[in-house]
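Undergrad: sequence-free structure coming up:
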């Protein structure tokens, strides 16, 4: 974000924070903006005006409000033709899926995939995830041995292929399509990308997913894509657009955010070796590491979009009906009003009763939260058991962030594994 990125709203003379499309670490701006209030007016790419809810209590209330919609039919700027074609946030806001539906429509779409993400079914995946983690660790050790300086990119070798393979197996994405779909999704989550690339990536994603759905219609398998395809045979259950929209969102959210969570956890532990010692001595758990990472440096900075259906007062800020509002998850996680004066401290022994908002809240709470937690716990435990000396090969200030203010992640994470154990 631009450190001094403010602009004046010509309509109401209200200062607006300009969101930097290049993204970067959100925490310095969050801390400064929170001192001014729990919500703020912002300018998004294309000078589209909006608002950002930063405070924990304000965000929790906003996410659960019955006067807030996810349906772009309530997005005033879009409905009035003032959102440009190829807008970087269009992939999050304009395709038809449970992510952009309310009420009965949202419940119908969520129910279509909900059985795949029950806690019981997710728990049953542990052995397969453990096997996959061990295979990736073997491959990463081989890559480190072949590297002249022993440095490997943890993202390429571990934190990307793990959640990518897991979500693709759950959905039923063919092996041949996985790498390309990830490349496309990397464009679609980028907030610093030219409109032509957004449009082309959206079209290609639709074409690839539609092709997979067509194949499953002819040859069903035991996977979620086949289940959704069968439902789409009855227009009253699902439309073809809803099938591809749901698959698109599940694929992107199912691996991009877990990848970021894993990288951010490793970065946090590298910067706080005392936390790692607490886990090794049984004074903290890997589950606690995951939860504290989600709070302290979660995978999502500002998630789009919601729209008030009537004028609202959010923590003293007037947000008009139809305004596009971002959920400031990264800010809420370090809100001193919720977590106290040490909210900026990474503490795996934190015993707070404050509800974590990293996976959302209310009707749109993330279905994949149990899966993300399971993957992260298994991955971190086995990673550090195998490579107890693992550490960053570069300084934190040398890491480059992905060009998005939606996600909170780095492009690469060079590490040295150290001596492997057992």
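TA: Cool, got the structure. All values reported here derive from a predicted model rather than from experimental measurement.
Undergrad: now stretch 75-92, how far from the centre of its chain.
TA: Chain-centre distance of stretch 75-92: 21 Å, with CA atoms, centre = their mean, to the nearest Å.
Undergrad: Doesn't residue 17 belong to a strand?
TA: Yes. The assignment for residue 17 (DSSP: H, G, I helix; E, B strand; the rest coil) places it in a strand.
Undergrad: Does residue 152 belong to a helix, a strand or coil?
TA: Per three-state DSSP, the secondary structure class of residue 152 is strand.
Undergrad: Could I get the contacting residues of it?
TA: For residue 152, the contacting residues are 140, 143-144, 414-415, 417, taking CB atoms under 8 Å, 6 or more residues apart in numbering as the criterion. Bear in mind the C-beta positions are built from the backbone N, C-alpha and C, glycine included.
Undergrad: Any regions of this structure where pLDDT drops low?
TA: Judged by pLDDT under 70, the chain has its weakly predicted residues at 1-15, 422.
Undergrad: Strands of that one, residue ranges please.
TA: Per DSSP state E, the chain carries strands over the ranges 6-8, 15-18, 39-44, 48-53, 68-69, 151-153, 302-308, 312-314, 317-319, 324-328, 391-392, 414-416.
Undergrad: outside of the fifth one, which residues touch it?
TA: Around strand 68-69, the neighbours that count as contacts under CB under 8 Å, 6+ apart are 62, 102, 306-309, 312, 325.
Undergrad: got it, and the longest one?
TA: Identification of contacts with strand 302-308 by CB under 8 Å, 6+ apart yields 19, 26, 50, 52, 62-63, 65, 67-72, 74-76, 89, 92-93, 319-330, 360, 405-406.
Undergrad: of the residues you listed, buried ones?
TA: With burial judged by 16 or more other CB atoms under 10 Å, the buried subset of the contacts of strand 302-308 is 19, 26, 50, 52, 62-63, 65, 68-72, 74-76, 89, 92-93, 319, 322-330, 360, 405-406.
Undergrad: list the contacts for the residue nearest to residue 156 when sequence neighbours are not counted?
TA: In space, residue 156 comes closest to residue 412 once its chain neighbours are excluded; the distance is 7.3 Å by CB to CB, 6 or more residues apart in numbering. Contacts for residue 412 (CB under 8 Å, 6+ apart) come out as 153, 155-156, 399-400.
Undergrad: So what does residue 348 have for phi and psi?
TA: Summarising the backbone geometry of residue 348 under the convention degrees, to the nearest 10, its torsions are phi -80, psi 0.
Undergrad: where's it relative to residue 365, distance?
TA: Here the distance between residue 348 and residue 365 works out to 24 Å (CB to CB, to the nearest Å).
Undergrad: Neighbour count for the two, which is higher?
TA: The neighbour count for residue 348 versus residue 365, taken as other CB atoms under 10 Å, is higher for residue 348 (24 against 13).
Undergrad: so what's the more buried one closest to, chain neighbours aside?
TA: residue 284 (4.2 Å).
Undergrad: Same check on residue 272?
TA: Ranked by CB to CB, 6+ apart and with sequence neighbours excluded, the top spatial neighbour of residue 272 is residue 346, at 5.0 Å.
Undergrad: For residue 129, grab the count of nearby residues.
TA: Neighbours around residue 129, by other CB under 10 Å: 22.
Undergrad: swap that for residue 178, please
TA: Here the number of neighbours of residue 178 (other CB under 10 Å) works out to 18.
Undergrad: For the residue lying closest to it once chain neighbours are set aside, the count of nearby residues, please.
TA: What sits nearest to residue 178 in space, not counting adjacent residues and going by CB to CB, 6+ apart, is residue 168, at 5.1 Å. By other CB under 10 Å, the residues close to residue 168 number 20.
Undergrad: With residue 79 instead?
TA: Around residue 79 sit 13 other residues, with neighbours defined as other CB under 10 Å.
Undergrad: which residues sit in contact with it?
TA: Under the criterion of CB under 8 Å, 6+ apart, the contact partners of residue 79 comprise 72-73, 322.
Undergrad: export the contacts of residue 152 to TSV and tack on neighbour count?
TA: Formatted as TSV, the contacts of residue 152 follow (neighbours: other CB atoms under 10 Å):
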residue	neighbour count
140	24
143	17
144	19
414	18
415	27
417	25
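Undergrad: got CSV for these, with distance to residue 204 too?
TA: Conversion of these to CSV gives the following (distance: CB to CB, whole Å):
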residue, distance to residue 204
140, 30
143, 30
144, 34
414, 30
415, 32
417, 36
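Undergrad: and which of those is nearest to residue 233?
TA: Of all these, the one sitting nearest residue 233 is residue 140; the distance, using CB to CB, is 43.2 Å.
Undergrad: Quick check: the closest one touching residue 417?
TA: Yes. The pair formed by residue 140 and residue 417 meets the contact definition of CB atoms under 8 Å, at 7.1 Å.
Undergrad: Need the phi and psi values for residue 408.
TA: According to degrees, to the nearest 10, the main-chain angles of residue 408 amount to phi -130, psi 90.
Undergrad: sorry, back to before: how close does the residue nearest to residue 156 sit to residue 22?
TA: When distance is defined by CB to CB, residue 412 is 16 Å away from residue 22.
Undergrad: Just give me the residue closest to the centre of this protein.
TA: Computing the C-alpha centroid of the chain and ranking residues by CA atoms, centre = their mean puts residue 257 first, at 3.7 Å.
Undergrad: List the residues that contact the nearest residue to that residue once chain neighbours are set aside.
TA: Using CB to CB, 6+ apart and skipping residues adjacent in sequence, the residue nearest residue 257 is residue 299, 4.3 Å away. With contact taken as CB under 8 Å, 6+ apart, residue 299 is in contact with 256-261, 264, 358, 407-409.
Undergrad: at 7 Å instead, please
TA: With contact set as CB atoms under 7 Å, 6 or more residues apart in numbering, residue 299 has these partners: 257, 260-261, 264, 407-409.
Undergrad: Highest neighbour count among those?
TA: Sorting the contacts of residue 299 by how many neighbours each has (other CB under 10 Å) puts residue 261 first, at 28 neighbours.
Undergrad: I figured that one hits residue 293, correct?
TA: Yes. Between residue 261 and residue 293 a contact is recorded at 6.3 Å, counting by CB atoms under 7 Å.
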